[in-house]
Every structure is written in structure tokens, then in C-alpha cells.
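Colleague: what's the 3D shape of this:
(one chain, ligands or ions: 1)
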Amino acid sequence: MNFLTTLGINKHNYGASTGRKWLETEDNGQFNIASPADGQAIASVYQCSRADYEDVIETAQQAFTTWREMPAPNRGEIVRQIGNKLREFKQPLGELVSYEMGKSLQEGLGEVQEMIDICDFAVGLSRQLNGATLHSERPLHRMYDQYHPLGIVGVISAFNFPVAVWSWNAMIAAICGNVTVWKPSEKTPLTAIACQNIIKDVLEDNDLPEGIFSLVVGTGDITGEAMLHDERIPLMSVTGSTRVGRHAATSVAARFGKSILELGGNNALIITPQADLKIAIPGTVFGAVGTAGQRCTTTRRVLIHEDIYDKVKDTLVKAYQGLKIGTPLDESNHVGPLIDKQAVEMFSHALNKVRAEGGKLLCGGEVLSGAGYESGCYVKPAIVEAENHYHTVQQETFAPILYLIKYSGGVENAIAIQNNVTQGLSSAIFTNNLREAENFLSHWGSDCGIANVNIGTSGAEIGGAFGGEKETGGGRESGSDAWKAYMRRQTNTINYSTELPLAQGIKFDI
Ligand code: NAD
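Modeller: Numbering: from 1, shown residues only. Okay, here's the model as predicted:
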């Protein structure tokens, strides 16, 4: 496959790098990576050893002292060059994302586009790391706040956005003056190695030290744990399941580290009687089956008003019957594979469980076999009639299962159902009624980090801050002022008078 050669992916690859340099340890076991698209072995990666890890962290610490000295706009210039390299390698990297992770080629290319977009955003931001100028209560005093870099930012990422999540973190962290150590999912390390190869020339051309962008490929249990407990890493950005995130939150907090947590979602979409079904139906279907239901923002529940319930149900079932399922590299397919057979088992298990709870399977649910499905990772997306309180519905099953839930009365009833889960990532309403839309967006409306009107739950733009509430972890990444989490804030008060007036008018005469 040409894209593997273009991206410098060998049969066996090293898994630890400090930027340009690969640490050549071969005695710590390997990850053997096969494509969920066709089940074929792609390549293997040597796991990072403890000694490699120490080497990476020490190099990163040293690099930080140089990198933070560089003016932020100059750091932005490096990120601009990285963005251009990503433009150059968009096609092969998009193909590898699709082949290694299984998302459709369009979505793979879209993910790389997201990386390019965040680079552009970060370049502009490198001149806008602004603090506020404040008014002092004391005469001839000046107050302001400013932001300083933190040091090493540890990034632990999930398999489903194998490269974009790194770039959201690493590019913003970089312009803020931080260095990054990235532990990708052990299910998708090849795309991470490819990113490292892509940025290598930029580091070389600018004569930058090792340690600004580092990589450690290892398991969650060993390498991930090491990062969570490492006091040399002041900020941990963890993207993954709520289970892992809960553990990360307490581990990092125990050492007073900062964390950005981007965890599981259980996203609902409301369709009211005032919805334009021409956009609501495709919005629901893309949200539910895109990336084979493996987006954190995947639509998992659709709350439909009783007056239009049957019509919406029938239209959705019909739309599902037209879905083309097959290799993600063929752009005419709508749905690709799940990441691995374990994910397929979880899909089947959830369907069995929800039926036992009273759910009714309306379509899909089969595991596909035969020509084109040899990997054993392809399933038919399912639609299930269910109730919100079912245990299965309350969980995030990372697979294409869409629960239809009927509501009656006003939009407030739909909002109450929507909010009645432990997660709080993305939400949406389809309506042409201004009151319904504004209620949904109001302080008593959706309790999620993302709330959309007449757009589905998935497919966020990088310009907004991305993240969710409750068990989704509360973190924000990417656009808006999410950069502030990558810096430490300092409040400065400067006295340019000849007196020493104290705050709150306190007198202290000596
Ligand atoms: P996962 O939780 O299994 O793994 C995520 C990462 O955590 C991996 O790199 C893994 O190696 C690491 N990890 C596992 N155990 C660890 C430990 N003890 N210490 C440190 N690190 C450890 O998740 P996944 O299956 O790769 O991804 C799917 C999940 O990620 C879903 O729940 C999805 O909603 C979530 N996700 C959330 C967002 C978001 O922005 N909110 C984005 C993408 C994915």
C-alpha cells in the first residue's frame, strides 16, 4: 500500500520518539496491528520501555526550557509549517486513518483537515494569548493577568480520533510554550508514528531540539499509568472512556496535577413536531452511523414527539435499509467496520441486554460475514425502540445502536429525558420553532457541553471549545478560549507610587 511507504511506516516500527529521533528498544514486546477493514496485518510497533519513557520525559523537560524562550508568534510559525506538511500528506494520512481505524475515507480525510484547521487556528492564536488589564483599588497601581506555559503536557488519546485529538492538544499546547508527550491508543499507533514522521522535517529545518513533540506507544496500564502519576507532567489531557477518565481524574488530582478530561457521551437528538424532517432525518442517520457509531458525539438516543413518532420511525428504518456497509476505503460505502471483534461483541451484547429489558429491535443488529467482511468487524447498524431509564440506554455502547424514545407534551419533557443520563457531551434539537430552540439552549435547557439547533450531535468545528459536562469530564479543547487550560494564570499588581497602600484600606503603620 503506497500510503504506508509515503508515511514511513515499516514492517516493524519503533514506538518511542523525541521528535526526530526514534529510541530503538526492541525487547519490550510489540503491538501487531491489523486493519479492521480487511483483517490484514499492517505492521507492528515496539512498545516503549521504562528506560525509553524516562529518556523521553527528560528530553522533553530540557526542550521546554528552550521552547518557552521562543516568542509565541515564532512558535506559531513552527505550527504553520506543521500545518503545511499536513496539507502535503493529507491524502496518505487520511488513507492510513481509514485503514488502521476503520472510519470512511471521507472521514479520515476530514480528520486530517481538522488537524490542518487547528494548526491555522493556533497560528493566529499565537499572537492573542491575552490577559486582562484590571483596575486596581489603590492609587498609582496597575493590575493585569497574564498566562505562562506549564511545561510538559501529557496527551492520552482514544482510538476513534487517532490523530485529530493529538493535534488539538499538541498545537495549542505548543503555541502556549509547552512541550507534548503523546501516548496514542494501542489500537491505532501507526497513525501516531506517521504524524511523528510528517513533522520531522519541520523540526529539522528549524533546527529545533529533541523533545518538543514526543511519542510513547505503550499500554494504558503501564505507559498511561506512568504518565498519570508522573509529577514532571503538570497537565494531563485524557481522551477516552469514562471508566479510564475517572481513574485518570483521581490519579492526577492526587498529585495536584491539572487535567483535561474528554470522556464518553450519551448524546440525544430531539425531533419536535415543528422539525423540518428533510434535514432532521439525514442529521440523525449521519449522527448515528457515521464512524460506525464510534464517535464520542454519536447520536445514541433520538427523542421523538408522539405526534410524528411513527412517521419518523418508518423513515429512519427505511433510511437504514439503504445504508451501504463495506470497506471504508470505498467512498460509496456509508458504514465501515468497528475497531475490533471485541467491539462487535459489545454491540451484540448491548442489543441482547436491551431486548431483555423490553427494547424492540426494529432493524439491523446482525454481524456480517462473507466476502468483503472477512475481518469479522462489520455489523448492521441497529435501531431499537426503548425507554430512557433502561440500564443499557443509560450506558454508552461504542457502536451503531440508535434508541428511539417517544415523548409527549412540550419540549420541556424532551429536555428532561435528554438530560436524564450521567453523561453530558453533545445534544441537538430539530425544530423551526424559536421558542422550542431557545428553551433548549437556555440555562434550564440542555445540560451538555455542546447544544446544536438543526444540526446533528456529531461533527463539531475546531473554532468552538469542545467537551462536555458530568461524566464526560468537564474538559474543553480546541477553539475559543480552551487554550487557557494549557497555561498557568498569574495576577500581577505593580505599585508605581512612593506609598505602600494596602488592599482593603488596611492600615499598618510602623
Ligand atoms: P479507552 O478508555 O479504552 O482508552 C483511551 C486511552 O486511555 C487509550 O490510550 C488507553 O491506552 C488509555 N488507558 C487505558 N487505561 C489506562 C490507564 N489505566 N491509565 C492511563 N491510560 C489508560 O477508550 P477507547 O476505547 O480508546 O475510546 C473510546 C472512548 O473514548 C469512548 O468512551 C468515547 O466516547 C471516548 N472519547 C471521548 C472523546 C471526547 O472528546 N469526549 C473523544 C473521543 C473518544
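Colleague: can you give me the helices for the stretch 151-300 of the chain?
Modeller: Counting by DSSP state H, counting those that start in this stretch, the stretch 151-300 of the chain has these helices, from start to end: 164-175, 189-205, 225-228, 242-254, 277-289.
Colleague: tell me the buried residues in the fourth one?
Modeller: In terms of neighbour count (16 or more other CB atoms under 10 Å), helix 242-254 has its buried residues at 242, 244, 245, 247, 248, 249, 251, 252. All C-beta atoms are positioned from the backbone trio N, CA, C, and that covers glycine.
Colleague: circling back: looking at the helices of the stretch 151-300 of the chain, which one is packed in the most?
Modeller: helix 164-175 (a mean of 28; mean count of other CB atoms under 10 Å).
Colleague: rewinding a little: which of the helices of the stretch 151-300 of the chain sits closest to the ligand?
Modeller: The ligand sits nearest to helix 242-254 of all these, at 3.5 Å, using CB to the nearest ligand atom.
Colleague: near the ligand, anything from that closest one?
Modeller: Yes: using CB under 6 Å from any ligand atom, we find that helix 242-254 touches the ligand at 244, 247, 248.
Colleague: only C-alpha atoms, please: export that helix in PDB.
Modeller: Coordinates of each C-alpha in helix 242-254 appear next as PDB, following Å, rounded to 0.1, in the frame of the first residue of the first chain:
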ATOM      1  CA  THR A 242     -15.500   7.500  31.500                       C
ATOM      2  CA  ARG A 243     -14.000   4.400  33.200                       C
ATOM      3  CA  VAL A 244     -10.500   5.400  32.300                       C
ATOM      4  CA  GLY A 245     -11.200   9.100  32.800                       C
ATOM      5  CA  ARG A 246     -12.500   8.600  36.300                       C
ATOM      6  CA  HIS A 247      -9.300   6.800  37.300                       C
ATOM      7  CA  ALA A 248      -7.200   9.500  35.500                       C
ATOM      8  CA  ALA A 249      -9.000  12.300  37.300                       C
ATOM      9  CA  THR A 250      -8.300  11.000  40.700                       C
ATOM     10  CA  SER A 251      -4.700   9.900  40.000                       C
ATOM     11  CA  VAL A 252      -3.700  13.300  38.600                       C
ATOM     12  CA  ALA A 253      -5.600  15.200  41.200                       C
ATOM     13  CA  ALA A 254      -3.900  13.200  44.000                       C
END
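Colleague: get me the contact residues on the stretch 301-450 of the chain for the ligand.
Modeller: Within the stretch 301-450 of the chain, the positions near the ligand by CB under 6 Å from any ligand atom are 396, 398, 425.
Colleague: quick check, residue 352 in a helix?
Modeller: Yes: counting by DSSP: H, G, I helix; E, B strand; the rest coil, residue 352 is located in a helix.
Colleague: ok, it to the ligand distance?
Modeller: As judged by CB to the nearest ligand atom, to the nearest Å, residue 352 and the ligand stand 20 Å apart.
Colleague: just the CA coordinates of stretch 267-276, formatted as CSV?
Modeller: Provided in CSV are the C-alpha atoms of stretch 267-276 (Å, rounded to 0.1, in the frame of the first residue of the first chain):
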residue,chain,number,x,y,z
ASN,A,267,-25.9,12.1,23.1
ALA,A,268,-29.6,12.7,22.3
LEU,A,269,-31.3,14.5,19.5
ILE,A,270,-34.8,15.9,19.9
ILE,A,271,-37.2,15.9,16.9
THR,A,272,-40.2,18.1,17.7
PRO,A,273,-43.4,18.3,15.6
GLN,A,274,-42.0,21.6,14.3
ALA,A,275,-38.9,20.0,12.8
ASP,A,276,-38.0,20.1,9.2
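Colleague: domain ranges for this structure, per the record?
Modeller: Under the assignment automatic domain parsing, the domains of the chain span 2-31+39-263+473-490, 267-462.
Colleague: and the ones you listed as TSV, adding distance to residue 501 and mean pLDDT?
Modeller: As requested, those are arranged in TSV below (distance: least, CB to CB, whole Å; pLDDT from 0 to 100):
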stretch	distance to residue 501	mean pLDDT
domain 2-31+39-263+473-490	5	98
domain 267-462	40	98
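Colleague: now the ones you listed in TSV, with distance to residue 503?
Modeller: Shown next, in TSV, are the domains of the chain (distance: least, CB to CB, whole Å):
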stretch	distance to residue 503
domain 2-31+39-263+473-490	7
domain 267-462	34
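Colleague: wait, residue 482 sits on residue 466?
Modeller: Yes: counting by CB atoms under 8 Å, residue 482 touches residue 466, with 7.3 Å between them.
Colleague: joint contacts of the two?
Modeller: Listed as contacting both residue 482 and residue 466 by CB atoms under 8 Å, 6 or more residues apart in numbering are residue 476.
Colleague: got a list of contacts for stretch 15-32?
Modeller: Residues from elsewhere that reach stretch 15-32 (CB under 8 Å, 6+ apart): 12, 14, 41, 44-49, 51-53, 55-56, 59-60, 63, 186, 189, 193, 196, 199-200, 203-204, 208-218.
Colleague: and stretch 136-151, by the same measure?
Modeller: Residues beyond stretch 136-151 that count as contacts (CB under 8 Å, 6+ apart) turn out to be 61, 64, 68, 129, 131-135, 176-179, 232-235, 258, 484, 486-497, 499, 501, 503.
Colleague: and the residues you listed near the ligand, which?
Modeller: Of those, not one also sits near the ligand (CB under 6 Å from any ligand atom).
Colleague: tell me the centre residue of this protein?
Modeller: The structure's the chain has its C-alpha centroid closest to residue 165; by CA atoms, centre = their mean the separation is 4.8 Å.
Colleague: count the residues that sit near the spatially closest residue to that one that is not a sequence neighbour.
Modeller: In space, residue 165 comes closest to residue 157 once its chain neighbours are excluded; the distance is 4.4 Å by CB to CB, 6 or more residues apart in numbering. Look at residue 157: counted by other CB atoms under 10 Å, it has 24 neighbours.
Colleague: list the contacts for residue 157?
Modeller: Residue 157 neighbours (CB under 8 Å, 6+ apart): 165, 166, 182, 183, 184, 185, 239, 240.
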